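*Asks:* predicted model follows, preceded by the sequence.
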Amino acid sequence: MNQYSDLLRAGEQRARSGLRFQIATLIVFPIAAVLFQVYVPLAFPYVGYLELPLLATVYFALKQREPIQSLLYGAGTGLLEDALSHHPLGMFGIVKTLVGYFAASVGVRFDVDNPLVRFTLTFFFYFFHQFLHWVLARALLGELRGFSVQQSLFLGLMNSIVAVPLFHVLDRLVSRGYKASLLR
């Protein structure tokens, strides 16, 4: 009985120390992604098609596998993006909230550490993000914008290609931070 309780305490301490690094990553990465999304395309317009705040939302939703936490994470990332961009406040917040929720719900059912699964899910969620943003812009704002399926599919492919190595790097950072916190 004593060994069991010692194992539980050790597991709790490891989880808390790893959580500190994850909280820092949860805050720093989306802020950096939103700042990249808002300011870098001013100098390099073609980089604007890379949707880093969406990739951050999808990554953390797939890793957390907690729909409510991912919903809040997506909402925060989307509202931060809305606040710093020229878009109406709440549009990206609504869309990224739904993406975070659905990505976490899917993450429970699949092995999301597989690069092919990550590629496919990122592609799907990019297309879903673009389509839902278009629907909301037409329904809530009355904007008569067109929706190009071909362009969305191509950009979804491009974002998925970027997402797989980016997710791998983030996995390494999170695991390295977890291992470093265990050594303390």
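*Replies:* Thanks, I have the structure now. The model shown is predicted, which means the values in this text are computed figures rather than measured ones.
*Asks:* residue 171: neighbouring residues, count only.
*Replies:* Applying other CB atoms under 10 Å, we find 13 residues neighbouring residue 171. The C-beta positions use only the backbone N, C-alpha and C, and glycine is treated the same way.
*Asks:* what's the distance between it and residue 165?
*Replies:* Separation of residue 171 from residue 165 (CB to CB, to the nearest Å): 10 Å.
*Asks:* centre-most residue in the protein?
*Replies:* residue 57 (1.5 Å; CA atoms, centre = their mean).
*Asks:* need the contact list for that one.
*Replies:* 30, 70, 73-74, 77-78, 96, 99-100, 103 (CB atoms under 8 Å, 6 or more residues apart in numbering).
*Asks:* could you rerun that using 6 Å?
*Replies:* Residues near residue 57 by CB atoms under 6 Å, 6 or more residues apart in numbering: 74, 77, 96, 99-100.
*Asks:* and if you look at residue 107?
*Replies:* Shown in contact with residue 107 (CB under 6 Å, 6+ apart): 62, 65.
*Asks:* for it, pull up the helix or strand it's in.
*Replies:* helix 91-109 (DSSP states H and E).
*Asks:* now residue 88
*Replies:* Residue-wise, residue 88 maps onto no helix or strand under DSSP H and E.
*Asks:* burial check on the nearest residue to it once chain neighbours are set aside, number of neighbours?
*Replies:* Using CB to CB, 6 or more residues apart in numbering and skipping the chain neighbours, the partner closest in space to residue 88 is residue 141 (6.3 Å). Close neighbours of residue 141, defined as other CB under 10 Å, add up to 12.
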